[in-house]
Each structure stands twice: as C-alpha cells, then as structure tokens.
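In: Sequence first, predicted coordinates after that:
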Amino acid sequence: MDTQSTVTRGRESMKNMKKFTMLIATLALAIPAFSCSNSTSGIQSSGERSTVPTSMQADSEATQSIYPLVLETVNGEISIEEKPTKILSLSPTATEILFVVGAGDQVLAVDDQSNYPPEAPTSGISGYSPNLEAILALEPDLVVHSYLPEDIEQGLANVGIPSLPQFAAATLEDTYQQIEQLGLVTDNNESAMRQVQSMREEVDRLIARVSSLESLRFYHELDQTYYSVTSGTFIGQVYDMLGLENIADAADSAGSGYPQLSEEYILSQDPDLIFLADTKCCAQSIETVSQRNGWGALTAVQSQKIIELDDDVASRWGPRVVEFLEAIVIAMEQVD
C-alpha cells in the first residue's frame with residue numbers, strides 16, 4: 001500500500017482515510033515497473049511476465065553499469081546519461097531498495113513517508129500528491145517513484161530529469177527485479193545481485209521450516225474497519241507461499257484484492273491466526289482486538305495467536321519482506 005503502498009501504507013492515523021484509500025490503490029497497482037533495454041525480464045501491463053535479453057547493459061565481468069542507460073518503461077523510453085548522484089525517491093519501497101544495494105550516498109532526498117532506513121534524507125515532498133516546483137527546487141538527476149501524475153511526469157521530462165517508475169510488485173520475482181534494476185541504474189549491480197540471492201535463500205529456508213505443518217486459516221487486518229487482502233495481492237501471496245488459508249478470499253466478490261470484511265463474517269470464519277498490520281496507523285494491538293465485541297470466542301484470541309506486525313514491513317514489497325515472512329513463520333510454529 002509504496003503500500004501492499006503498498007504494499008506502502010501512507011497512513012498515519014484513521015483520521016486520514018484518504019491516505020488509506022490511496023494505499024489500497026497503490027498496492028493494487030500490480031502493473032509493470034519497467035523493462036530495460038538489454039535488461040532482465042520486465043513486467044507487462046497485464047501483470048504477465050515477458051522475457052527479454054539478459055545482458056543488462058553492464059560489463060558482465062566487472063558488473064559495472066555502462067552509461068548512458070536506455071530503459072523502456074510503461075511511460076515510454078527514458079535515458080540516464082550518467083551515474084545518478086542526486087536521486088529523489090518518492091517511494092518508501094524504492095528508498096529501502098536504494099539503501100540496501102549501497103546507493104544511499106547517491107540519494108539526495110526521499111518522500112515524507114520514507115521512514116526507513118533512519119538515515120534516509122526525508123523531505124516534505126509527498127509521494128501521493130507531489131509538487132513539481134518542490135521537486136525541481138531540489139535539482140535531482142533521477143526521480144524514482146511508484147506513482148506520478150501525468151503532468152508531473154511531463155514537467156520532469158520538459159527539463160530533462162528522468163523519472164523511473166517502480167510500481168507495486170505483484171510477486172516476489174517482481175521485487176527481485178526491482179532490486180536488480182535499481183542496482184543497474186545506480187551502478188551497484190554486484191550488491192543488488194547479492195541481496196537478491198540472499199533473499200531467495202532466506203525465503204526458501206523459511207518455507208522449508210513450515211512445509212510439514214498443517215494448514216491454518218488466517219485473517220490479515222489492514223485497519224480496524226476490517227479491510228483485508230486476498231491471495232491475489234502481493235501481501236496475500238506471501239501467506240500463500242507458506243500454505244496458509246486466507247479467509248478474505250471467499251469474501252472478495254468485487255475482485256478488488258482488498259475487501260472490507262464484516263465483523264460477522266470474521267467471527268463466523270474463526271481464524272487460527274490474526275495478523276495486525278494496523279498497529280502503527282490505527283493503534284491496534286492484542287489488547288484492543290481481544291476487547292472487541294464477540295472476538296473473545298475466536299480461536300486466535302483464546303489461544304493468543306494475534307500477531308502484531310510492523311505496518312511498514314507488512315505493506316512494502318522491498319528487502320524487508322523477508323522479515324514479514326519470518327514473522328508469519330514464527331507464528332505458525334507456535335500454534336499447538
């Protein structure tokens with residue numbers, strides 16, 4: 001919700017439901033980030049993957065990016081003439097990726113929701129409603145985002161500032177691609193590839209830990225009005241990888257991926273596990289859930305299997321998705 005976004009969440013409290021709506025919209029954007037000329041596989045607008053040449057415009061032995069880089073994005077072709085040293089990130093997930101691949105010293109500023117890592121140079125610029133004048137005043141040489149209005153895109157193009165879309169990932173493979181692509185763009189290829197390999201190995205290890213456990217039913221809560229996620233979303237697919245059954249799947253009659261469940265429905269489904277992704281935004285906790293009318297009868301409440309997640313970790317599709325996965329695995333292992 002960069003969000004699922006999305007997953008950046010962009011919500012600080014329930015006083016601002018507008019931000020939550022935008023989170024849902026961002027997480028639902030399982031559309032292409034980009035494909036690179038002579039790059040790794042890209043993501044098509046249908047959400048399907050296409051395979052393109054793998055030479056990656058980088059020296060295969062030295063893993064050094066070769067500029068200018070020409071990238072094909074959903075918004076057209078962009079060219080990055082030189083290694084960027086003044087990057088503006090308008091996506092919390094992209095911010096996390098830039099720092100994890102070693103491009104932190106190339107980041108000039110980040111949006112007001114990019115709260116991790118702590119050393120990220122936060123600005124007052126919103127990634128949801130960015131201001132062109134504020135962006136231009138920073139004089140960035142690259143803008144990375146998960147969403148930009150068309151007029152902002154055009155305004156940047158008019159002054160020769162490339163803007164690179166990194167839309168909400170649909171799968172973990174999309175996450176890996178975005179990490180490798182930002183490694184390519186910032187000339188941090190080797191670090192990006194190591195990060196992806198480490199994530200792949202850790203994900204495999206975590207899946208193996210619960211492979212012999214019985215199937216469990218769960219409820220993932222986005223806020224206390226009972227918005228949830230289905231298995232068709234990035235967040236939902238993380239649970240699905242571990243063999244969990246999502247009670248929200250059968251309730252998504254609109255096919256949005258983010259249904260609002262009724263309290264009666266949740267109580268009737270009696271999930272084994274409850275995951276709270278609204279601990280920061282909405283001050284929800286084991287205590288508040290236990291005090292809800294009728295919830296004391298739920299299996300998850302009686303067995304104390306309410307898991308307080310970090311909203312940001314549970315909604316972004318970047319490197320910390322492994323932490324999200326591990327929190328789920330630990331909860332599964334503790335079920336009697």
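Out: Right, received. Where do you want to start?

In: show me where the stretch 101-250 of the chain has helices.
Out: For the stretch 101-250 of the chain, the helices defined by DSSP state H, counting those that start in this stretch occupy 132-138, 150-158, 172-185, 189-209, 234-241.

In: Now residue 325: closest residue in space that isn't a chain neighbour?
Out: What sits nearest to residue 325 in space, not counting adjacent residues and going by Cβ to Cβ, 6 or more residues apart in numbering, is residue 206, at 5.2 Å. C-betas here are computed from N, CA, C, even on glycine.

In: Pull up the per-residue confidence for that neighbour.
Out: pLDDT recorded at residue 206 is 98.

In: Mind putting the helices of the stretch 101-250 of the chain into JSON lines with mean neighbour count and distance to residue 296?
Out: Shown next, in JSON lines, are the helices of the stretch 101-250 of the chain (neighbours: other Cβ atoms under 10 Å; distance: least, Cβ to Cβ, whole Å):
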{"stretch": "helix 132-138", "mean neighbour count": "14", "distance to residue 296": "49"}
{"stretch": "helix 150-158", "mean neighbour count": "15", "distance to residue 296": "49"}
{"stretch": "helix 172-185", "mean neighbour count": "24", "distance to residue 296": "36"}
{"stretch": "helix 189-209", "mean neighbour count": "16", "distance to residue 296": "31"}
{"stretch": "helix 234-241", "mean neighbour count": "22", "distance to residue 296": "24"}
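
In: Make CSV from the ones you listed and add distance to residue 276 to it.
Out: Listed next are the helices of the stretch 101-250 of the chain as CSV, based on distance: least, Cβ to Cβ, whole Å:
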stretch, distance to residue 276
helix 132-138, 34
helix 150-158, 34
helix 172-185, 22
helix 189-209, 20
helix 234-241, 13
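
In: Can you say which of those is nearest to residue 262?
Out: helix 234-241 (18.9 Å; Cβ to Cβ).

In: Also compute the angle for the closest one relative to helix 172-185, please.
Out: 120 degrees (axes from the mean of the first three to the mean of the last three Cα atoms, to 10 degrees).

In: Domain boundaries for the chain, per the record?
Out: 17-201, 207-333 (automatic domain parsing).

In: Pick out the shakiest of those, pLDDT-wise.
Out: For those, mean pLDDT drops lowest on domain 17-201, to a mean of 81.

In: which residues does residue 301 contact?
Out: 274, 289-290, 295 (Cβ atoms under 8 Å, 6 or more residues apart in numbering).

In: Please repeat the previous calculation with a cut-off of 7 Å.
Out: For residue 301, the contact set (Cβ atoms under 7 Å, 6 or more residues apart in numbering) comprises 289-290, 295.

In: Assumed it was part of a helix.
Out: Yes. Using DSSP: H, G, I helix; E, B strand; the rest coil, the assignment for residue 301 is a helix.

In: Residue 269 versus residue 107, what's the distance?
Out: Here residue 107 is placed at a distance of 43 Å from residue 269 (Cβ to Cβ, to the nearest Å).

In: Revised request: answer the last question for residue 156.
Out: According to Cβ to Cβ, residue 156 stands 47 Å off from residue 269.

In: before we move on, what about residue 142?
Out: In terms of Cβ to Cβ, residue 142 sits 46 Å off from residue 269.

In: more neighbours, those two?
Out: residue 142 (24 against 18; other Cβ atoms under 10 Å).

In: Verify the contact between residue 216 and residue 335 for me.
Out: Yes. With contact defined as Cβ atoms under 7 Å, residue 216 and residue 335 form a contacting pair (6.1 Å).

In: more neighbours, the two?
Out: residue 216 (20 against 14).

In: got a list of what that one touches?
Out: So residue 216 contacts 244-245, 272-273, 332, 335 (Cβ under 7 Å, 6+ apart).

In: List the ones among these that fall in strands.
Out: Among those, the members found in strands (DSSP state E) are 245, 273.

In: Give the burial count for residue 146, as a bare number.
Out: For residue 146, the count of nearby residues is 32 (other Cβ under 10 Å).

In: same check, this time on residue 279
Out: For residue 279, the neighbour count with other Cβ under 10 Å is 18.

In: which one is it nearest to, not counting chain neighbours?
Out: residue 308 (4.9 Å).
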